[in-house]
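Visitor: okay, sequence plus prediction incoming.
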Amino acid sequence: MYNFKKQTNAAPLAVFRLFFGLMMFASIVRFWANGWIEKLYLKPNFHFSYLGFSWVKPLGNYTYLFFVICGLAALFVAMGYKYRVAIITFFLSFLYIELMDKTTYLNHYYFISILSFLMIFLPANATFSVDAFINKKKYTNIPKWTIDSIKLLLSVVYFYAGLAKLNSDWLFRAQPLKIWLPSKYNLPFIGENLMQQNWFHFAMSWSGMLYDLAIPFLLLYKRTRIIAFVFVVFFHVFTRVLFPIGMFPFIMIVSALIFFDAKLHHKIITIIQQFLSKFSFLKKSKNQSKANTISIIDHYTFSKTIAKISYPILILFFAIQFLCPWRYLLYPGELFWTEEGYRFSWRVMLMEKAGSTNFKIVDTKTGKFFMVDNTDFLTSFQEKQMSFQPDFILEYAHFLGDHFTKQGHKNVAVFAESYVALNGRLSTKFVNNTVDLYQEKRTFKHKKWILPFSTKIEIKGI
Amino acid sequence: MLKQIFYLFVFVVVVTSCGSSSENDSEVITDSFDRVAMLTNITDNIIIPSYEDFSTKMSALKQDGETFTATPNIQNMNTLRASWLNAYKSWQHIEMYNIGRAEEIQYSFFMNIYPLTVRDVENNIASGSYDLDSPNNHDAQGFPALDYLLHGLADSDEAILEKYTATENKDNYKAYLTDVLAQMDALTTEVVNDFISNKSAFVASVSNTATSSVNKLINDYIFYYEKNLRAAKIGIPAGIFSSNPLPEKVEGFYKQDISKTLALEALSGVKLFFEGTDTLPTFKQYLESLDRQDLATSITNQLVTAQTQINTLDDNFFNQVNTDNTAMTKAYDELQKVVVLIKVDMLQAFNVSVDFIDADGD
């Protein structure tokens, strides 16, 4: 039985908090500097919403404010200043940003959302934080489960990502790497040769799968920890070189440090303290004089009320994490094709999927029709994402139906002409073009108007 | 168990890394497909000959225009009309190259924006003062303007000729014709010379980035096929994008019986470009090198099907739309199937970088 009373050194969580905050701050700055706020949230006239969250929308130029708040909250988290308020603010503002438009959905962003939610409940400011300094209270130890919960979440991410790779496309056709790797032909040294080799595509697929499945255990087991961390660094740096995945590899590398003993984190803290003291002589003297007055408390314990509230929430949280990736089993049909239950399940880099979806607006009385030019309403990125994801297709069909009804068109029906290609198969028809999508409700139920995945090369596996 | 997983993992990683080092140490096996060779072939055997052909025909067109304005008679008008059609057909083979100078100056906007805005043309002629460089005049010049000036000014040839010989504004008509031709010829010379002088840089730019020649060419090809061929020549007149058919939007509206000729010319250009040969590779050979023979065949077959369908249409799309628009929409449907194959399947196979947004492939 797991002992929730057991204590452990607080340093790993403090270091984790610091790096997490800094990384998030850098991510927000990078996002802004790349002009993506404008490109993704301000320029489009229409936004794809998660079911039930259509009220979360970009707010014109105030959208920048969310990013300012989110970035500042990240800095406060890093410093451990007003930690609880800061991490709640970060979680809410980040969540709002992610909910504004699901076109930008990435598993990485989902990871950050749930990680920051988890961190709300953890005493990450117990030591090495501005809070500890101001409150003149510093805790040497914290409940062990708090650190373990982060390890558990990371393990879930890796392990489920590994499970998702146990399918015939990934393992026996080396798809989609067979499409992606050869296109990296302009990488120095390996682009024109290694990236083109069939065996290399398979080697990458298989080692990627084994890496994801094994790495949590290798990190947990003391004797393999260092080599596991080397793998983590190598794997993430390599994927960073190959794919446009932004800050994520660095976040994962730094996160993996939580698996190490407190000794390492004390070293990191000492190095940072030395580094800081070099820069501000004034602070140094202040720090030293005040440091003496900080009382060091041995154990951090949760008050009974807080424990009463947070334990059930966290148990529920992890139950959802364990079960959510399996919800696809409730839907008929091929998961990669329908994508019903695809998101929030650590299915990362599994598909090269693209489509062409055009909409026919029909007057049901006269039979007159015309086709919609998607570029009138969507950005190229939105159109690309819409073209192969059924929930996008349906939401957009409703938008078009409303739009043309408002424009004065009568008896509007919306039909989709849609073709989708998946993992190197020839494109096939995706949507039943005799179904009026305007009459189809947006629900979590199976979408019967998606045509079955008809291909000679089936996908088998988890 | 843990140990076994560990050893297995180490084994795979070691094999992977050993493989890479031995690969690099020994002779360098290069990617089986040579993109520079493809671009060189496309440049030397498709783009430049097309540019040169058009250049020649454009010069002849301008020359015949000068002859006509100097001596406006039926014979000179017919000569001019013939060379207009010649050049218009040749134009169908270069419109897709929105690259280099052509992209900078928006060459095709000055050459072939239709439908023509007749009011602008007539106002320009009446006032005698106009700026053909202005974007406002995109739809008042180029081939469509010549079409109007040579076929659309009146109902009979004699009446058209009178505009240049007998009306009050005859000098303005002649001046406008001359100016439109001069503009087309000057821009063509500029674009062609620029392309030829920058050829080596163009051919060498094969990296997989949004701005490399190879990626831009792929994107231009698809864009041209989708917008300028499928939509403009067939879809829009057939009313695919509007509540009612718009037959007056056909290409070559004033001459009318050439809309099919021009569409077929454009389609054959697209097909030729795609197919290449074993020694002169283009997209088809590129697909084959990626093990996508299936897709290459599908595209070729579908292009042929579309061609066959267009062949069943009236020479005059204006008439076709008005008499039997269903045949027109059928042709559109066949053309649309190619869009799916090149825009979804081919683009996916080439894995061309388009966006600069983070993605984890889901």
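Guide: Yep, that arrived. Numbering: from 1, shown residues only, chains lettered A, B, ... in the order given.

Visitor: run the chain-centre distance for stretch B:263-274.
Guide: 9 Å (C-alpha atoms, centre = their mean, to the nearest Å).

Visitor: identify each buried residue in that stretch, please.
Guide: Across stretch B:263-274, burial judged by 16 or more other C-beta atoms under 10 Å in any protein chain shown covers B:263-267, B:269-271, B:273-274. Using the backbone N, CA and C atoms, a C-beta is placed for each residue, glycine as well.

Visitor: now stretch A:380-395
Guide: Residues of stretch A:380-395 classed as buried by neighbour count (16+ other C-beta under 10 Å): A:381-395.

Visitor: same question for stretch B:271-289.
Guide: Neighbour-count burial for stretch B:271-289, with 16+ other C-beta under 10 Å as criterion, is recorded at B:271, B:273-276, B:280-289.

Visitor: again, but for stretch A:253-267
Guide: Neighbour-count burial for stretch A:253-267, counted by 16+ other C-beta under 10 Å, picks out A:253-260, A:262, A:265.

Visitor: taking the residues you listed together, which two end up most distant?
Guide: Pairwise distances across the buried residues of stretch A:253-267 peak at 19.2 Å for A:253 and A:262 (criterion: C-beta to C-beta).

Visitor: how many neighbouring residues does residue A:322 have?
Guide: Applying other C-beta atoms under 10 Å in any protein chain shown, we find 12 residues neighbouring residue A:322.

Visitor: that one touches residue A:153, doesn't it?
Guide: No - Residue A:322 is beyond contact range of residue A:153, at 10.9 Å (criterion: C-beta atoms under 8 Å).

Visitor: quick one on the thing from earlier: of the buried residues of stretch B:271-289, closest to chain A?
Guide: Of all the buried residues of stretch B:271-289, residue B:289 has the smallest distance to chain A: 9.1 Å, by C-beta to the nearest C-beta.

Visitor: go ahead and confirm the closest one touches residue B:33.
Guide: Yes - under the criterion of C-beta under 8 Å, residue B:289 makes contact with residue B:33 at 3.8 Å.

Visitor: strands along chain A, start to end?
Guide: For chain A, the strands defined by DSSP state E occupy A:7-9, A:137-143, A:295-299, A:353-363, A:369-371, A:412-422, A:428-429.

Visitor: indicate which one of those is closest to residue B:116.
Guide: strand A:369-371 (23.4 Å).

Visitor: how about the residues of the stretch 201-350 of chain B near chain A?
Guide: B:206-209, B:235, B:239-244, B:290, B:292, B:294-295, B:298, B:336, B:339-341, B:343-345, B:347-350 (C-beta under 8 Å from any C-beta of the partner chain).

Visitor: selection in PyMOL covering whichever of those residues are buried, please.
Guide: Restricted to buried positions by 16+ other C-beta under 10 Å, the PyMOL selection for these reads:
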select buried, chain B and resi 206+207+208+235+239+240+290+292+295+298+336+339+340+341+343+344+345+347+348+349+350
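
Visitor: list just the nearest of the buried residues of stretch A:380-395 to chain B.
Guide: Of all the buried residues of stretch A:380-395, chain B sits closest to residue A:381, with 5.7 Å by C-beta to the nearest C-beta.

Visitor: isn't that closest one up against residue A:41?
Guide: No - at 11.6 Å, residue A:381 does not count as touching residue A:41 under the criterion of C-beta under 8 Å.

Visitor: which residues touch the residue of the stretch 51-200 of chain B found nearest chain A?
Guide: Per C-beta to the nearest C-beta, the residue of the stretch 51-200 of chain B with the smallest distance to chain A is residue B:98, at 16.3 Å. If a contact means C-beta atoms under 8 Å, 6 or more residues apart in numbering or on different chains, then residue B:98 has B:107-108, B:220, B:223-224 as its contacts.

Visitor: got those as TSV, with pLDDT and secondary structure columns?
Guide: Converted to TSV, the contacts of residue B:98 look like this (pLDDT from 0 to 100; DSSP: H, G, I helix; E, B strand; the rest coil):
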residue	pLDDT	secondary structure
B:107	97	helix
B:108	96	helix
B:220	92	helix
B:223	93	helix
B:224	96	helix
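
Visitor: how about these, which pair is most distant?
Guide: Most distant of the contacts of residue B:98, by C-beta to C-beta, are B:107 and B:223, 14.4 Å apart.

Visitor: ok, residues contacting stretch B:80-88?
Guide: With contact meaning C-beta under 8 Å, 6+ apart, stretch B:80-88 is reached by B:54, B:57-58, B:60-61, B:64-65, B:67-68, B:143, B:146-147, B:150-151, B:252, B:255, B:258, B:261-262.

Visitor: ugh, typo on my part, it should be stretch B:165-179
Guide: With C-beta under 8 Å, 6+ apart as the contact definition, stretch B:165-179 has outside contacts at B:65-66, B:68-69, B:72, B:121, B:124-126, B:128, B:130, B:132, B:145-146, B:149, B:153, B:163-164.

Visitor: and those residues, which are buried?
Guide: Using 16+ other C-beta under 10 Å as the burial test, the contacts of stretch B:165-179 include B:65-66, B:68-69, B:72, B:121, B:124-125, B:130, B:132, B:145-146, B:149, B:153, B:163-164 as buried.

Visitor: and whichever residue of the stretch 151-300 of chain B sits closest to chain A, what are its phi and psi?
Guide: At 4.1 Å from chain A, residue B:207 is the closest residue in the stretch 151-300 of chain B, using C-beta to the nearest C-beta. The phi/psi pair for residue B:207 (degrees, to the nearest 10) reads phi -70, psi 160.

Visitor: I figured it hits residue A:186, correct?
Guide: Yes - under the criterion of C-beta under 8 Å, residue B:207 makes contact with residue A:186 at 4.1 Å.

Visitor: could I get the pLDDT score of residue B:190?
Guide: Note on residue B:190: pLDDT of 97.

Visitor: for residue B:105, see how far away it is.
Guide: 7 Å (C-beta to C-beta, to the nearest Å).

Visitor: helix/strand/coil for the spatially most central residue of chain B?
Guide: Residue closest to the average C-alpha location in chain B (C-alpha atoms, centre = their mean): residue B:96, at 2.6 Å. Classification of residue B:96 using DSSP: H, G, I helix; E, B strand; the rest coil returns coil.

Visitor: residues contacting the residue lying closest to it once chain neighbours are set aside?
Guide: Of all residues not flanking residue B:96 in the chain, residue B:224 sits nearest, at 3.6 Å (C-beta to C-beta, 6 or more residues apart in numbering or on different chains). By C-beta under 8 Å, 6+ apart, the residues touching residue B:224 are B:95-96, B:98, B:270.

Visitor: any stretches of the chain with poor pLDDT?
Guide: Because you didn't say which chain, this covers chain A. When residues are selected by pLDDT under 70, those of chain A lie in A:280-292.

Visitor: I was after chain B.
Guide: B:1-32, B:353-362.

Visitor: about what we covered before: just the ones in helices from the buried residues of stretch A:380-395, please.
Guide: Secondary structure assignment (DSSP state H) places A:381-386, A:390-395 from these within helices.

Visitor: and chain B, which of the residues you listed contact it?
Guide: A:381, A:384.

Visitor: from residue A:117, how far out is residue A:331?
Guide: Per C-beta to C-beta, residue A:331 is found 26 Å from residue A:117.
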